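Undergrad: Sequence plus predicted model, see below.
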Amino acid sequence: MKKYLLLFIITVFVMSCSKKVEVKGKITGSSPLERIEFVEASGVGTLPLVNIGLDKNGNFSGSFEAPKDGMYVINYANRQNLIYLERGQKINISGNGATFPNEYIITGDAKKNNDFLQGSQKFLGDYGTSVNLGQLMGGDESTFLKGIHKVEADINKNVDELAKKFNPSKALLEWKKNDVKVTILNLLANYEMSHGPMSGNPSYKASKAFKDYETKLEDDKEAMVKTIPLYRQYLLVKMTPDFQKYAEANSKGKTDLTTSELFAQYLKTKKDISQTAKDYLLAFVMAQADIHPTTPANKIEKIKKIIDSDIKDATIKSDLLKMQMAITGLKIGEPAPEAALVKQDGKAYKLSENKGKPYMLFFYASWNPYISEATIPVLKEVVNFYKSKMNFVYVNVDDTKDQFVKTSNSLLKGIQGVNVYAEGGMESDIAKKYGVYGFKLPCFVIIDKDGKIASRSFVNLGEPELVTILDKLTGLSAPKVDPNIQLQPGLQIDPSAQQAAPQPANPQPAPTK
């Protein structure tokens with residue numbers, strides 16, 4: 001009897017410590033080309049934690065390791081919304097393809113928390129239309145403060161009413177209370193910056209009552225900086241004038257100084273900011289300023305050194321390095337990682353079979369909307385020109401091997417190269433090793449004849465840098481094209497707007513709208 005009791009206790013313990021979130025559901029009227037992604041909303045390197053496909057009827061299922069209990073973002077069809085998840089939960093999500101995830105229904109473990117969250121979002125959306133912020137912003141300071149106190153009280157009253165109705169978890173309720181404070185802090189910051197020019201009084205300075213109100217709202221700084229990206233943006237806005245003065249005084253004559261390097265030096269002078277806040281703020285600036293697809297190799301290494309020396313939080317450090325690898329690719333000169341791959345006939349395939357000859361790795365999936373119209377025609381031209389001097393390996397990351405067979409036979413018919421499948425698709429070993437995510441498909445990596453990485457990750461076959469690398473490795477000389485011609489429309493990655501997390505997500509409605 002004791003043996004079975006012990007087994008039961010162990011099972012309960014393991015279940016309670018599970019980090020996985022299991023999700024399934026149905027999106028009616030959806031397209032099989034659309035995917036559902038979950039992203040940690042409070043993280044610094046907002047890479048998708050999972051990429052889930054839908055079948056022809058809109059059904060989907062998947063699971064992912066959740067870093068912590070808290071806010072996550074659902075991405076679908078270029079639309080986003082927040083969802084509150086706890087590790088170990090099993091949830092069911094349903095909605096309509098025309099409105100999901102702006103509107104959705106949740107059943108299962110996460111129902112009460114997300115009913116509370118959606119109720120709060122609806123109130124804020126409605127309330128925002130009833131508040132004349134323009135009038136408040138244009139008024140004198142005492143009138144503004146009176147109005148903002150009322151806004152805070154109205155929102156908190158609704159939060160308390162929803163809490164009684166839905167009984168959300170303590171952690172979610174605390175997050176929501178802090179979220180209200182951050183919303184008000186941003187309104188205060190906007191007023192302080194804009195009131196002087198708007199009122200014709202350039203010498204305006206906020207009163208003691210104004211500053212005391214700000215201080216009161218920041219009574220939980222550490223929690224806010226950890227869980228609410230908008231608070232990090234608020235802090236950066238507040239320190240911008242001071243940082244600009246520091247930058248002007250410390251960057252003269254230093255042409256190779258990166259924004260991240262300068263900001264890291266600046267933060268060392270700020271004794272009043274906690275190390276936690278410094279880590280999050282530096283990570284934010286790095287993601288915005290210096291981690292993007294065209295970052296030169298010397299800058300990439302410089303950023304890695306700053307991450308290693310100045311970021312103290314292990315999770316933030318790890319997330320930044322993952323994001324940097326996903327955006328810029330593996331380090332040039334390092335051995336290309338091996339991974340489990342299989343051909344259509346079921347035989348295993350190793351990348352090392354190409355040793356002695358340079359080759360291109362081409363990652364793709366059937367659900368990528370640009371591949372057939374934009375990528376394949378250019379790929380054919382590239383293969384036909386270089387095929388005598390290099391190999392081509394086409395790695396499919398569809399959800400199933402059957403889909404791989406259909407896709408490769410259709411898209412790549414008649415194109416020289418090796419077609420292989422990555423077991424597990426987007427969750428495969430090779431996708432993780434090469435930093436392949438939905439936002440960068442299709443993508444290309446060049447490997448030299450010694451099996452070493454020879455290029456960053458490219459998403460456009462027409463980029464001059466890629467052509468230069470191919471010419472160098474093969475000894476051929478491709479015809480020159482007008483650099484202003486974009487060969488693959490829509491495939492350029494905008495580093496300021498990609499979902500790979502260069503910028504923290506915070507899509508909840510607020511009365512500032």
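TA: Now that the structure is in, tell me what you want to look at.

Undergrad: I would like the residues contacting stretch 102-120, please.
TA: Residues outside stretch 102-120 that contact it (CB atoms under 8 Å, 6 or more residues apart in numbering): 74, 79, 81-86, 88-96, 158-159, 162-163, 165-169, 172-173, 176. C-beta here means a position set from N, CA and C on the backbone, and glycine is covered the same way.

Undergrad: Could you tell me the phi and psi values at residue 352?
TA: Its backbone dihedrals place residue 352 at phi -60, psi -10, with angles given as degrees, to the nearest 10.

Undergrad: Give me the distance between it and residue 341.
TA: Relative to residue 341, residue 352 is positioned 11 Å away (CB to CB, to the nearest Å).

Undergrad: for residue 107, same thing?
TA: With distances defined as CB to CB, the gap from residue 107 to residue 341 amounts to 39 Å.

Undergrad: picking that back up, please identify which of residue 352 and residue 341 sits among more neighbours.
TA: Set side by side, residue 352 and residue 341 show more neighbours around residue 341, with 21 against 12, by other CB atoms under 10 Å.

Undergrad: Write down the beta-bridge partners of that one, one by one.
TA: Beta-bridge pairing of residue 341 under DSSP bridges involves residue 349.

Undergrad: residue contacts, it?
TA: With contacts defined as CB under 8 Å, 6+ apart, the neighbours of residue 341 are 348-351, 395, 420-423, 430.

Undergrad: Relative to the longest strand belonging to the chain, what are the paired strands and their orientations?
TA: Selection of the longest strand in the chain by residue count, based on DSSP state E, yields strand 20-28. Take DSSP bridges as the rule and strand 20-28 pairs in its sheet with strand 59-65 (antiparallel), strand 90-96 (parallel).

Undergrad: what's downstream of it, the next helix or strand?
TA: Past strand 20-28, further along toward the C-terminus, the next helix or strand under DSSP states H and E is strand 35-40.

Undergrad: buried ones in that following strand?
TA: Of the residues in strand 35-40, 35-40 count as buried by neighbour count, 16 or more other CB atoms under 10 Å.

Undergrad: Relative to the whole chain's centre, how far out is that strand?
TA: For strand 35-40, the distance from its own C-alpha centre to the chain's C-alpha centre is 9 Å (CA atoms, centre = their mean, to the nearest Å).

Undergrad: Give me the contacts around the following helix or strand past it.
TA: Remark: after strand 35-40, the chain's next helix or strand is strand 50-53, criterion DSSP H and E. If you take CB under 8 Å, 6+ apart as the criterion, strand 50-53 is touched by 23, 32, 35-38, 60-64, 367, 399, 425-427, 437-438.

Undergrad: Equivalent analysis for stretch 89-97, please.
TA: 21-31, 34, 58, 74, 77, 85, 101, 103-111.

Undergrad: cutoff 7 Å now
TA: Under the contact criterion CB atoms under 7 Å, 6 or more residues apart in numbering, stretch 89-97 has outside partners 21-31, 58, 101, 103-110.

Undergrad: Out of the residues you listed, which end up buried?
TA: In the contacts of stretch 89-97, burial by neighbour count holds for 21-27, 30, 58, 101, 104, 106, 109-110, counting by 16+ other CB under 10 Å.

Undergrad: doesn't residue 445 make contact with residue 361?
TA: Yes - in terms of CB atoms under 7 Å, residue 361 counts as a neighbour of residue 445; the distance is 4.5 Å.

Undergrad: Same question for the helix or strand hosting residue 164: list its buried residues.
TA: Assigning secondary structure by DSSP H and E places residue 164 in helix 141-166. Of the residues in helix 141-166, those buried by neighbour count under the rule 16+ other CB under 10 Å are 141, 144-145, 147-148, 151-152, 155, 158-159, 162-163, 166.

Undergrad: Could you list the low-pLDDT ranges of the stretch 251-400 of the chain?
TA: Low-confidence segments of the stretch 251-400 of the chain (pLDDT under 70): none present.

Undergrad: Please, where are all the helices along it?
TA: Counting by DSSP state H, counting those that start in this stretch, residue ranges of the helices within the stretch 251-400 of the chain are 259-267, 275-289, 297-310, 314-328, 376-386.

Undergrad: how about low-confidence regions in the protein?
TA: Along the chain, segments meeting pLDDT under 70 span 1-18, 480-513.
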